[in-house]
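**Q** Quick one, structure for this:
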Amino acid sequence: MFPMCCGWFSGGGIIPYQTMIDNKDEIKGNETVSKEAEHTERIRGLFASIAGGYDFLNRFNSLRRDVAWRRRAASEMRFFQTNKLIDVATGTADIVIEALRAHPQVKAVGVDLVPELMDIGRQKVEGLGLSASVELMEGNALDLTFQDASFDVATIAFGIRNIRERLHALEEMRRVVVPGGQVMVLELVFACPGPLKLLHGLYLNHIMPAMARMFSSNPDAYVYLARSIMEFPAPEEFMARMREAGLEDVRFIPLTFGVAGLFVGRRPGNDAV
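**A** Next comes the predicted model:
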């Protein structure tokens, strides 16, 4: 699948990730209804139900391009002060693993709302001998439990699409990186040029759901995935949102003819980086 990322589809993967929804209580008469909390629980349950086949479908639906996209993201990372990375909506820890392959001196933290996915991530990390450098923990993108300026790089892969309070999530990621540190968003976008956009839409709306019906225990998740990709802001619009979150030097790197893209911004300060 186009990596679903733990957002709606889980992070690190191409299933969008709901590691990042806020809880706003709505008052109806004397009742307090936490609709967002209920939604978060639905998402958590969704990803828990597909955790076993999550990595396979990410590779299958992206024709393994998701691996190359993460490697490109890792190649753009710059560690210069803390040698620490935080990966939000980490899912099965794929971004963390690629980062450590490219930068073996780094210590990484992955946060996610779906423990079933992180359990798989821990198995992968342990199998690669990386356990001493990685910590995976439950966490919410809108309330990262870390001090300001704790990391050189903050990443989220295939998850921001499913966060309603995207600006808030970006602000939190900016907060926890050092001045001059990077905020990186790897995401599926609907930005193919010309006729390729028509083919991309055909794939998202028809081919991918058909494959999901054959291989997934929850094919409806992939219908949502397709819709969320097509409704995600254009690259220029999302770059503007990153600047609004207080990031500078924002740039967009299209990947695989615009099927995916890497957004990179920098927290102001430390211009020598």
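**Q** How many residues are close by residue 90?
**A** Neighbouring residues of residue 90 were enumerated by other Cβ atoms under 10 Å; the total is 36. For the C-beta atoms, the positions are set from N, CA and C on the backbone; glycine is no exception.
**Q** Distance of it relative to residue 157?
**A** Residue 90 sits 8 Å away from residue 157 when distances are taken as Cβ to Cβ, to the nearest Å.
**Q** now residue 125
**A** With the distance defined as Cβ to Cβ, residue 125 ends up 16 Å from residue 157.
**Q** likewise residue 122?
**A** 18 Å.
**Q** Between the two, tell me which one has more neighbours.
**A** Here residue 122 and residue 157 are set side by side on neighbour count (other Cβ under 10 Å), and the busier one is residue 157, at 35 against 18.
**Q** The residue nearest to the more buried one when sequence neighbours are not counted: which element?
**A** When the adjacent residues along the chain are set aside, residue 157 lies closest to residue 186, with 4.1 Å between them (Cβ to Cβ, 6 or more residues apart in numbering). In the assignment (DSSP states H and E), residue 186 maps to strand 177-188.
**Q** partners of that strand in the sheet?
**A** Here strand 177-188 is paired, per DSSP bridges, with strand 151-157 (parallel), strand 260-266 (antiparallel).
**Q** Could I get these in JSON lines, plus columns for mean pLDDT and distance to residue 43?
**A** Conversion of those to JSON lines gives the following (pLDDT from 0 to 100; distance: least, Cβ to Cβ, whole Å):
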{"stretch": "strand 151-157", "mean pLDDT": "98", "distance to residue 43": "15"}
{"stretch": "strand 260-266", "mean pLDDT": "97", "distance to residue 43": "21"}
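**Q** Could you say which of those is packed most deeply?
**A** Mean neighbour counts were compared across the strands paired with strand 177-188 using mean count of other Cβ atoms under 10 Å; the top stretch is strand 151-157, at a mean of 30.
**Q** sorry, back to before: what residues sit buried inside the strand holding residue 186?
**A** Of the residues in strand 177-188, those scored as buried under the neighbour-count criterion (16 or more other Cβ atoms under 10 Å) are 177, 178, 180, 181, 182, 183, 184, 185, 186, 187, 188.
**Q** quick one: contacts for the residue lying closest to the fifth one once chain neighbours are set aside?
**A** Counting by Cβ to Cβ, 6+ apart, residue 153 is the residue found nearest to residue 182 once chain neighbours are left out, at 4.7 Å. Applying Cβ atoms under 8 Å, 6 or more residues apart in numbering to residue 153 gives the contacts 77, 78, 79, 84, 85, 86, 99, 177, 181, 182, 183, 184.
**Q** Output these in TSV; the columns should cover distance to residue 249 and pLDDT.
**A** What follows is these, written out as TSV (distance: Cβ to Cβ, whole Å; pLDDT from 0 to 100):
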residue	distance to residue 249	pLDDT
77	15	98
78	12	98
79	17	98
84	21	99
85	19	99
86	20	99
99	20	98
177	13	99
181	12	98
182	9	99
183	11	99
184	12	99
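**Q** closest to residue 48 among those?
**A** Distances from those to residue 48 were compared by Cβ to Cβ; the smallest belongs to residue 86, at 22.7 Å.
**Q** my read: the closest one touches residue 112, true?
**A** No - using Cβ atoms under 8 Å, residue 86 is not in contact with residue 112; the gap is 11.5 Å.
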